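Undergrad: any chance you could fold what I've pasted below:
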Amino acid sequence: MPAKARKATKGTKKEKKTKKAAVKRTAKKVVAKKSRATKTVKNHKPGKRKAAKKSVKKAANKQVTKKSAKKKKTAWKISPENSRSVVEIDIWKNGDLKIEFLKVYRSGWIIVDQLPDLSGYNPGEGINIFEEFEFDEHQLHDGSEEEAVFPNELPLEERERLLALSEAELVDEGWTLESVTRFSGPLLVEQV
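TA: A predicted model of the protein is given here:
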């Protein structure tokens, strides 16, 4: 290749210096655009740490204790496994007479603080939830069937008259109320 052609491809010395200067300026700009986090890490010098005051340690320990106590508290939800296994029974008594009003619910549940011991539970007999458990919450869903059971010695006219009375009127006539809510059949016990 002739010398003139070589010079034309390489460029002049002045052009080479200008290109080098441009590359240096670009490199300086890139270095100048470091993130704040990088600068902060470089500027931070590790020093000696002072021990925390007793009051600060005490407060930190109290917070941890409170949080761990909340985590340990659990609750259990108890409900019948089968539908229509919740019965509410209102028993009205007056001397030797006893009238039962039965109401069947589709489902229901209670929330208790401790895992219940159901080892002696008889699914056929069921369990009176108000007698057997101390619970925070309960709910009964969709009451459907209602039935009144009267003693045989009570005449039909008296049965109809008693059905028409309100609870307050029954109490005024000397009747006393005892309520029972029973779960029967297999029970589901779930941690909540």
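Undergrad: may I ask which helix or strand of this structure has the lowest mean pLDDT?
TA: Least confident helix or strand of the chain, by mean pLDDT, DSSP states H and E, is helix 36-43 with a mean of 48.
Undergrad: okay, stretch 178-185 in CSV with CA atoms only?
TA: Backbone C-alpha positions of stretch 178-185 (Å, rounded to 0.1, in the frame of the first residue of the first chain) are rendered in CSV as follows:
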residue,chain,number,x,y,z
GLU,A,178,-83.8,-23.1,80.1
SER,A,179,-81.9,-22.9,76.8
VAL,A,180,-79.6,-25.6,75.4
THR,A,181,-77.6,-25.5,72.2
ARG,A,182,-76.3,-28.9,71.0
PHE,A,183,-73.8,-29.9,68.4
SER,A,184,-74.2,-33.5,67.3
GLY,A,185,-72.5,-35.9,64.9
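Undergrad: go through that stretch and flag the buried ones.
TA: 180-184 (16 or more other C-beta atoms under 10 Å). Just so you know, the C-beta spots here come from the backbone N, C-alpha and C atoms, and that holds for glycine as well.
Undergrad: distance-wise, check the closest residue to residue 100 other than its chain neighbours relative to residue 168.
TA: By the measure of C-beta to C-beta, 6 or more residues apart in numbering, the closest residue to residue 100 outside its immediate chain neighbours is residue 149, 4.3 Å from it. In this view, residue 149 and residue 168 are 22 Å apart by C-beta to C-beta, to the nearest Å.
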